[in-house]
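**Q** What follows is a protein structure lacking sequence information:
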């Protein structure tokens, strides 16, 4: 790290020297808003520790972490033993997980009172007037934290802005890594200019014995060259979840959105207008009730034309975020193109159906798998009507267990147990519990659906 800093200074000359003149003092103070967060995911067979970086946002010790910090398949009750580590301190203090905000994607954690006095909110370094927006070639710097075995020692990174783009949040990409993912980025004067995003990969060509080089992507998961601008971050720091599940969650029900093809847009005489094609309108959704139809092209939300974003696929994320920023009960006006006609639809957003991390689960050690409740998302993935669904889903299958040896796989849809149709999660778990406790039973049969095909699995318990 020191070598890279010295090399940059030599290559870029006195400009870097001037920029770095008082960085040590600025960095030492701003490093106090950076922390490491450790937690344990308790699975069926093990305890998996995970460490992510986080930024302190208020005097109550509230911390935000990037969306990828926690596995979306993990149930909230599996997330345990949260601890917060200060830079350079090997001793963690207990913390509380508050949940995830659907709009920002941030996970929120709250540090215990005993450590809050040693933390400084990142808002203390926000500009008093207009939020500064970095320009191309502007000098920026940020905070990085080493690994746990190095006591999360803080270190300084610095770079120059190379590109600013809407993804759909306004995001800057610097010439080299500028901060650890989830930690703040500052300008020359020490004012907050952004929050480091998940690390970006760099493409390379790998030469081997074959006739053609193959492209590969190298990703540094500990450092990032991309950061979301402060103007996109600061207004939403108050979106602290009301409960650990993150509800209420707004829901529209327009599924499989795709950006409109440029050639199609020209044919439809839309010019440079952005649009998103609706692949499917979900059963019983607010979109269906509002009259949205498959193959409708969404052109505007609440009277505002969809922005022109590059790459084109970013427009899908933009629409999803516009739904997530609202609440159930809000009305969202959709301007759509249907054939040659433009139609205005008013959708009253609903509460999103139960999602994967909320689904009930039960592990059967003797059989060797976890049965999970069938939720709305499972019906979408399998293209079945929610009113007609029965059964449970295999969430986890223990290797070399009776279920694993029989060929059961994660995400298999279990529709029958020993010839009896499984109508509810309760009936399935009752039947499986009976089998799991019966030490005399030597085998049983599962009827499962996988990829649209049906299979009968003979599970031998002895």
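**A** Perfect, I can see it now. Because the structure is a prediction, the values reported are computed rather than measured.

**Q** and the residue nearest the centre of the chain, how far is that from residue 198?
**A** Nearest to the mean C-alpha position of the chain, by CA atoms, centre = their mean, lies residue 67 at 3.6 Å. Per CB to CB, to the nearest Å, residue 67 is found 8 Å from residue 198. From N, CA and C alone the C-beta is placed, and that goes for glycine too.

**Q** same deal with residue 426?
**A** 39 Å.

**Q** Residue 399 too?
**A** Residue 399 is 30 Å from residue 198, where distance means CB to CB.

**Q** What are the structural domain limits within this structure?
**A** Listed by automatic domain parsing, the domain ranges of the chain are 1-238, 250-351, 359-460.

**Q** Next, format the ones you listed as JSON lines and append distance to residue 244.
**A** Formatted as JSON lines, the domains of the chain follow (distance: least, CB to CB, whole Å):
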{"stretch": "domain 1-238", "distance to residue 244": "4"}
{"stretch": "domain 250-351", "distance to residue 244": "16"}
{"stretch": "domain 359-460", "distance to residue 244": "15"}
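
**Q** can I get the ones you listed in CSV with mean pLDDT?
**A** Listed next are the domains of the chain as CSV, based on pLDDT from 0 to 100:
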stretch, mean pLDDT
domain 1-238, 87
domain 250-351, 93
domain 359-460, 94
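
**Q** which stretches of the stretch 1-150 of the chain form strands?
**A** With DSSP state E, counting those that start in this stretch applied, the stretch 1-150 of the chain shows strands at 34-42, 47-56, 62-65, 79-85, 93-100, 107-111, 139-145, listed in chain order.

**Q** List the residues that contact residue 386.
**A** By CB atoms under 8 Å, 6 or more residues apart in numbering, residue 386 lies in contact with 283-284, 376, 379.

**Q** hmm, which two among these are most spread apart?
**A** Pairwise distances across these (CB to CB) peak at 10.5 Å, for the pair 284 and 379.

**Q** So for these two, which residue has more residues nearby?
**A** Between residue 284 and residue 379, counting by other CB atoms under 10 Å, residue 379 is the more crowded of the two (18 against 14).

**Q** pretty sure that one contacts residue 387?
**A** No: applying CB atoms under 8 Å as the test, residue 379 and residue 387 come out as separate, 9.1 Å apart.

**Q** List the residues that are in contact with both of these two.
**A** Shared contacts of residue 379 and residue 387, counting by CB under 8 Å, 6+ apart, come down to residue 283.

**Q** now the helices: where do they sit in the stretch 201-350 of the chain?
**A** Using DSSP state H, counting those that start in this stretch, the helices assigned to the stretch 201-350 of the chain run over residues 230-233, 262-267, 286-290, 314-324.

**Q** mind checking which of these is nearest residue 408?
**A** helix 314-324 (33.3 Å).

**Q** How far away from the center of its chain is that closest one?
**A** 14 Å (CA atoms, centre = their mean, to the nearest Å).

**Q** same for it, what does it pack against?
**A** strand 250-251, strand 258-259, strand 276-277, strand 297-301 (3 or more CB pairs under 8 Å, 6 or more residues apart in numbering; DSSP states H and E).

**Q** Show me what that helix is in contact with.
**A** Against helix 314-324 from outside (CB under 8 Å, 6+ apart): 102-103, 166-168, 249-252, 254, 257-259, 274-276, 298, 301, 306-307, 309, 332, 349.

**Q** same check, this time on stretch 52-59
**A** The contact list for stretch 52-59, computed with CB under 8 Å, 6+ apart, reads 32-37, 62-66, 69-70, 84, 109, 111, 116, 119-123, 145, 180-184, 195, 237.

**Q** List only buried entries from those.
**A** Listed as buried from the contacts of stretch 52-59 are 32-37, 62-66, 69-70, 84, 109, 111, 116, 119-122, 145, 180-184, 195, 237; burial here means 16 or more other CB atoms under 10 Å.

**Q** Look up how far residue 111 lies from residue 97.
**A** With distances taken as CB to CB, residue 97 is found 11 Å from residue 111.

**Q** Please read the previous query as pertaining to residue 184.
**A** According to CB to CB, residue 184 and residue 111 sit 17 Å apart.

**Q** ok, now which ones touch residue 253?
**A** 281-282, 284-288, 350.

**Q** got CSV for those, with distance to residue 369 too?
**A** Shown next, in CSV, are the contacts of residue 253 (distance: CB to CB, whole Å):
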residue, distance to residue 369
281, 34
282, 29
284, 31
285, 32
286, 35
287, 35
288, 35
350, 33
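
**Q** hmm, which of those residues are the buried ones?
**A** Here, 16+ other CB under 10 Å leaves 281-282, 285-288, 350 buried among the contacts of residue 253.

**Q** surely residue 166 meets residue 311?
**A** No: using CB under 8 Å, residue 166 is not in contact with residue 311, being 10.5 Å away.

**Q** Quick check on residue 399 and residue 198: which one has the bigger neighbour count.
**A** residue 198 (15 against 9).

**Q** That one: what's it in contact with?
**A** Residue 198 touches 66, 68, 181, 224, 226, counting by CB under 8 Å, 6+ apart.

**Q** Please identify which pair of those residues lies farthest apart.
**A** Farthest-apart pair in the contacts of residue 198 is 68 and 226; separation 13.1 Å (CB to CB).

**Q** Between the contacts of residue 386, which sits nearest residue 408?
**A** Minimum separation from residue 408 among those (CB to CB) is found for residue 379, which lies at 20.6 Å.

**Q** I'd like to know how far that closest one sits from residue 34.
**A** 42 Å.

**Q** do residue 394 as well
**A** In terms of CB to CB, residue 394 sits 40 Å off from residue 34.

**Q** Kindly report the same for residue 41.
**A** From residue 41 over to residue 34 the distance is 23 Å, taken as CB to CB.

**Q** Just list the residues touching the closest residue in space to residue 74 that isn't next to it in sequence, thanks.
**A** Distances taken as CB to CB, 6 or more residues apart in numbering place residue 41 nearest to residue 74, at 5.3 Å, with adjacent residues excluded. By CB under 8 Å, 6+ apart, the contact list for residue 41 reads 47-48, 50, 71, 74, 78-80.

**Q** what pairs with residue 41 across the strands?
**A** Going by DSSP bridges, residue 41 is paired in beta bridges with residue 48, residue 79.

**Q** Can you spell out which helices and strands pack onto the lengthiest helix in the chain?
**A** When the chain is parsed with DSSP state H, its longest helix is helix 425-437. Applying 3+ CB pairs under 8 Å, 6+ apart, one finds that helix 425-437 contacts strand 361-364, strand 369-373, strand 392-397, strand 413-417.

**Q** Give me the contact list for it.
**A** By CB under 8 Å, 6+ apart, helix 425-437 touches 360, 362, 364-367, 371, 373-374, 391-392, 414, 417-418, 420, 422, 441, 444, 461.

**Q** My guess is residue 361 contacts residue 73. True?
**A** No: applying CB under 8 Å, one finds residue 361 not in contact with residue 73, separated by 10.6 Å.
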